[in-house]
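Asker: I'll drop the sequence and a predicted model, then ask my questions.
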Number of protein chains: 2
Amino acid sequence: MSKTSAAGQTGTPPDRARLQALHQQLSEHLDNGIIPFWLARAEDPDDGGYRTSFDEQGNAMPMPAKYLNSQCRLLWWFSHLRRHRPAVTAAAALARRGFEFILEHFWDDSHGGWFWTVKRDGARLDDGKIVYGQSFAIYALAEYYLATGDDRGLEYASATFDLLQKYCADTRHGGYYENLNVDWTPEAPGFAAGDRKGLDTHMHLMESFTVLYAASRQPLHRRKLIEITELILSRMIDPQSGCGLNQFDLAWRPLPAIAIKRTWNAERFGERPADPTETTSYGHNVELAWLLRRAVETAGEPFGPYLAVHRRLIDHAVAHGVDWTHGGLYRDGLRATGQALILEKEFWQNAEVLVGFLDGYEVHGDPRHLDAFENVWNFARQHFVVAGVGEWRILTDREGRPLDTNLGNAWKVSYHTGRAVSECVDRLSRLGRLG
Amino acid sequence: MSKTSAAGQTGTPPDRARLQALHQQLSEHLDNGIIPFWLARAEDPDDGGYRTSFDEQGNAMPMPAKYLNSQCRLLWWFSHLRRHRPAVTAAAALARRGFEFILEHFWDDSHGGWFWTVKRDGARLDDGKIVYGQSFAIYALAEYYLATGDDRGLEYASATFDLLQKYCADTRHGGYYENLNVDWTPEAPGFAAGDRKGLDTHMHLMESFTVLYAASRQPLHRRKLIEITELILSRMIDPQSGCGLNQFDLAWRPLPAIAIKRTWNAERFGERPADPTETTSYGHNVELAWLLRRAVETAGEPFGPYLAVHRRLIDHAVAHGVDWTHGGLYRDGLRATGQALILEKEFWQNAEVLVGFLDGYEVHGDPRHLDAFENVWNFARQHFVVAGVGEWRILTDREGRPLDTNLGNAWKVSYHTGRAVSECVDRLSRLGRLG
């Protein structure tokens, strides 16, 4: 049981049968859905590395490019299985083959760091140095090292971290430049966002530094993990509402969010003017909450000082982001009032809040967090998960009618869905023993 | 003539004869005083590297330790002479021998970076990683490379810069941690100042990044030079008075200055409580002004946006720091009113304002800056410079009576005095042609 756990310590004992039923449902989905889905399909038989694009029936689709991001997410996934689901014996070999592919085709021998995209056969396509992607390389490589003991994983994760410190740390304002060219000069301002910082990239850096420190136990990795954690909390959380801001200029002045060339929404919407409204992402906020707890506990810091911010992030989504009528989680809302603006349901936010709501229930013992978890899980079972195939659709409308039915694309693999279900299975297992 | 020069463009033409007389006096002091003083004495005949400690007659004194700081300052000095005074043919060999000594005895093969002190024979004494000293290593090594073409100079300067980015950049608040242990973990808080930042170290980083960029022309070195320049101006200048602040916590909250274990005043005063008054150093302020101009021009940025801050730094010292009765420059004053508090005259402040006052005269064309220059120079000639020996005493009382008569110690070599006189000779040469 976690040292910051409070569930079971309140007046109302948790409903053991309910928790065990949920544990059973999510375990079944993990073991018979997500895990076999990717075991059977991820390896690219022609060119090496991983395939990421699959239609609603799970058939491989054309895949003109391989993205650093999703190659690393699958490398992380098979490494995670190797560490946490040792019965999945095929995972180690799949991790190793993915590792060899990114090392051969994504690593930049001239300037260091990882290219953003390559063609399916590995030929260089977009050689930009995108910190979002560098962060997923650290995340995957550190997990790969922990899973397999292959020293090259930690070596390249550490080298990537060093490059971020050298080329991306902003010594004027703190934090990191996020979008750079192949030679680590900052990208152009505007759409390419060389002049922006955001919660998205910085949160994922916190996530990857957490695993890097768990792998290396280097004081420097711990120090930078704490720095970025404190930076996020001091700069990127709205003190009024307790929810997350999105984008900033380099000096941390909040900016209306734009689509960003290689990462944030650009492949869905293209370049477009900034949205004049000040929005927040419920899913990001709750993802931040549980990643924050993991970061603080991995750093060996007491969680007490973080309880309030953790709870406010979760409570905001429970109050405003959960659709208590149709189930599931809305995409985005207004920061000032919390009111939901975009009522569609997207896979990753619905996956991440599963972990965060259970995290909230475990830490704060608030039964509303468990209710919110169950609400979103029931919506996901019914509307996201494709029965008999095992993965989640990308997007539905408010009532759950499919809008984007593919099960994998250049971005979506098993990182959000599989990780969330795996994290929830562990939490439900702990909680189910407490009834 | 400098592109930011304004002298000679005002209504009052500069007094050509006066400028030429000053040029003559300072050239004489440089060529027959400071240069031969160190050429004859700096090399340590017994143990290699440089001797730094000399009494008022220029006799070598016992020297239990060699400091990174002063070894690098003399390496810088001989490299500077090699570049700018090519007639001084002995300088190149003296630079090279100093370089070999620091490389052999100060470089940390285990963790990278430079130890703080070694015994006279090179044995390790204090292996702390003090950013003030790392900065002087960069300054000296980049100048050494520019002077001699020895690639190792730029290689070690760049490696030191990289270590600062990796271990010392503060990604939460911007700027750099200043005091670290041998393994680059931060030093203890308080007297060892692991929890402080200051104008002193950051100004010297700006100075060393300036020469590093001039040597490497690497975009990254230019970017970090601009970042630290903007950081200093936004965080370390008091917007009310226009003068510099001294010390800060890591989050840039100004703190009353304390003596700091290895650097700031500790060897004069030891550990003692913080001075409750809010002081400013006139000498530092004016040194910052001319180093700022050098930084901005080296980065290839227009100086227009910096004119006002440059002028306020200098005007503050002209108004409050110059002793118009006895001559010379006071040590420290009150930030709020400018009033001088410590009326002693110390060598380095008096040397640095010579450059800065001439810089002010050249840029702003204000005859008060030239008057201030002449005032301090006349005081220095009379009370600091030891006639017939060629170097400056360390400290006098307000009227110029000697308080510390040594000409060199573990800190004081030719960096402030020689550099100031050399910089002034160049400026006076330019200005004297304008009359």
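Answerer: Sure thing, it's come through.
Asker: A:Thr396 touches A:Glu344, doesn't it?
Answerer: Yes: between A:Thr396 and A:Glu344 there is a contact at 6.9 Å, judged by CB atoms under 8 Å. (Each C-beta comes from the backbone N, C-alpha and C, glycine too.)
Asker: what's the overlap in contacts for the two?
Answerer: Shared contacts of A:Thr396 and A:Glu344, defined by CB atoms under 8 Å, 6 or more residues apart in numbering or on different chains, are found at A:Leu403.
Asker: and these two? which has more neighbours close in?
Answerer: Shown here are A:Thr396 and A:Glu344; by other CB atoms under 10 Å in any protein chain shown, A:Thr396 has more neighbours (25 against 15).
Asker: Please name the residues that touch the more buried one.
Answerer: A:Gly328, A:Glu344, A:Lys345, A:His383, A:Phe384, A:Pro402, A:Leu403.
Asker: Go again with 7 Å.
Answerer: Contacts for A:Thr396 (CB atoms under 7 Å, 6 or more residues apart in numbering or on different chains) come out as A:Glu344, A:Lys345, A:His383, A:Phe384, A:Pro402, A:Leu403.
Asker: from the residues you listed, which would you call buried?
Answerer: The neighbour count (16 or more other CB atoms under 10 Å in any protein chain shown) marks A:Lys345, A:His383, A:Phe384 as buried among the contacts of A:Thr396.
Asker: Now do the SS call for the second one.
Answerer: To tie it back to what came earlier, the one meant is A:His383. Following DSSP: H, G, I helix; E, B strand; the rest coil, the label given to A:His383 is helix.
Asker: Which residue lies closest in space to it, excluding its sequence neighbours?
Answerer: Excluding its sequence neighbours, the residue lying closest to A:His383 (CB to CB, 6 or more residues apart in numbering or on different chains) is A:Gly400, at 3.3 Å.
Asker: ok, back up a step: so which of the buried ones among the contacts of A:Thr396 comes closest to chain B?
Answerer: Using CB to the nearest CB, A:Lys345 comes nearest to chain B of the buried ones among the contacts of A:Thr396, at 35.3 Å.
Asker: you'd agree the closest one is up against A:Asp332?
Answerer: No: contact between A:Lys345 and A:Asp332 fails when scored by CB atoms under 7 Å: they sit 11.6 Å apart.
Asker: Provide the secondary structure category for the residue nearest to A:His383.
Answerer: Following three-state DSSP, the label given to A:Gly400 is coil.
Asker: Give me the phi and psi for it.
Answerer: Main-chain dihedrals, A:Gly400, degrees, to the nearest 10: phi 100, psi 10.
Asker: Just after the helix or strand of chain A with the lowest mean pLDDT, pick out the following helix or strand.
Answerer: When the helices and strands of chain A are scored by mean pLDDT, DSSP states H and E, helix A:266-269 comes last with a mean of 69. Counting by DSSP states H and E, the element after helix A:266-269 in chain order, helix or strand, is strand A:279-280.
Asker: quick check, the helix or strand following that next one touching chain B?
Answerer: Remark: after strand A:279-280, the chain's next helix or strand is helix A:282-298, criterion DSSP H and E. No: Helix A:282-298 stays clear of chain B (CB under 7 Å from any CB of the partner chain), getting no nearer than 13.8 Å.
Asker: what residues does helix A:282-298 touch?
Answerer: A:4, A:199, A:203, A:206-207, A:210, A:213-214, A:225, A:229, A:243-244, A:303, A:306, A:310, A:313-314, A:316-317, A:320-321, A:329-330, A:333, A:348-349, A:352-353, A:355-357, A:359-360, A:363.
Asker: so which of these also contact chain B?
Answerer: Among the contacts of helix A:282-298, chain B is touched by none when using CB under 7 Å from any CB.
Asker: tell me which element the residue lying closest to A:Arg83 once chain neighbours are set aside is part of?
Answerer: Excluding the flanking residues, the one nearest A:Arg83 by CB to CB, 6+ apart is A:Ala147, at 4.6 Å. Using DSSP H and E, A:Ala147 maps to helix A:131-148.
Asker: what helices or strands is that helix leaning on?
Answerer: Applying 3 or more CB pairs under 7 Å, 6 or more residues apart in numbering or on different chains; DSSP states H and E, one finds that helix A:131-148 contacts helix A:68-84, helix A:91-105, helix A:151-163, helix A:199-216.
Asker: what's the angle from it to helix A:91-105?
Answerer: Angle, helix A:131-148 to helix A:91-105, by axes from the mean of the first three to the mean of the last three CA atoms, to 10 degrees: 140 degrees.
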